[in-house]
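1. coordinates for the following, if possible.
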Amino acid sequence: MILVSEPLSFVSEPLSFVDEPLNFLNEPLILINYVYLLS
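-> From the prediction side, this is the model:
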């Protein structure tokens, strides 16, 4: 089980590294949508 788990976390790390900037980009979009809906 550990043998399978290790490579998965190894693959998962870069994915979360890529996911962070995407979330960072997504945040302003949510804010813009929110402001747009309010106006």
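2. shaky segments in this structure?
-> Counting by pLDDT under 70, the ranges of the chain that qualify are 1-4.
3. where do the helices sit along this structure?
-> Applying DSSP state H to the chain gives helices spanning 2-38.
4. for stretch 9-16, C-alpha coordinates in CSV please.
-> What follows is stretch 9-16, C-alpha atoms only, in CSV (Å, rounded to 0.1, in the frame of the first residue of the first chain):
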residue,chain,number,x,y,z
SER,A,9,1.9,11.8,-3.4
PHE,A,10,4.9,12.4,-5.6
VAL,A,11,2.5,13.1,-8.6
SER,A,12,0.1,15.0,-6.4
GLU,A,13,2.7,17.6,-5.2
PRO,A,14,3.3,19.2,-8.6
LEU,A,15,-0.4,19.2,-9.3
SER,A,16,-1.1,21.2,-6.2
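5. gap between it and the chain center?
-> On the basis of Cα atoms, centre = their mean, to the nearest Å, stretch 9-16 sits 12 Å off its chain's mean C-alpha point.
6. and for stretch 8-27?
-> In terms of Cα atoms, centre = their mean, the centre of stretch 8-27 is found 5 Å from the chain centre.
7. try stretch 23-38
-> Centre-to-centre, stretch 23-38 and its host chain are 15 Å apart (Cα atoms, centre = their mean).
8. go on, stretch 6-16?
-> What separates the centre of stretch 6-16 from the centre of its chain is 14 Å, taken as Cα atoms, centre = their mean.
9. start at 213 instead
-> New numbering, starting at 213: the last item is stretch 218-228.
10. list the contacts of it.
-> Applying Cβ atoms under 8 Å, 6 or more residues apart in numbering, stretch 218-228 turns out to have no external contacts. In this view, the C-beta of every residue, glycine as well, is placed from N, C-alpha and C.
11. list the buried residues for that stretch?
-> By neighbour count on 16 or more other Cβ atoms under 10 Å, the buried set for stretch 218-228 is empty.
12. how far away is the residue of the chain most remote from its centre from residue 234?
-> Taking Cα atoms, centre = their mean as the measure, the residue most remote from the mean C-alpha position of the chain is residue 251, 28.5 Å away. Counting by Cβ to Cβ, to the nearest Å, the separation of residue 251 from residue 234 is 26 Å.
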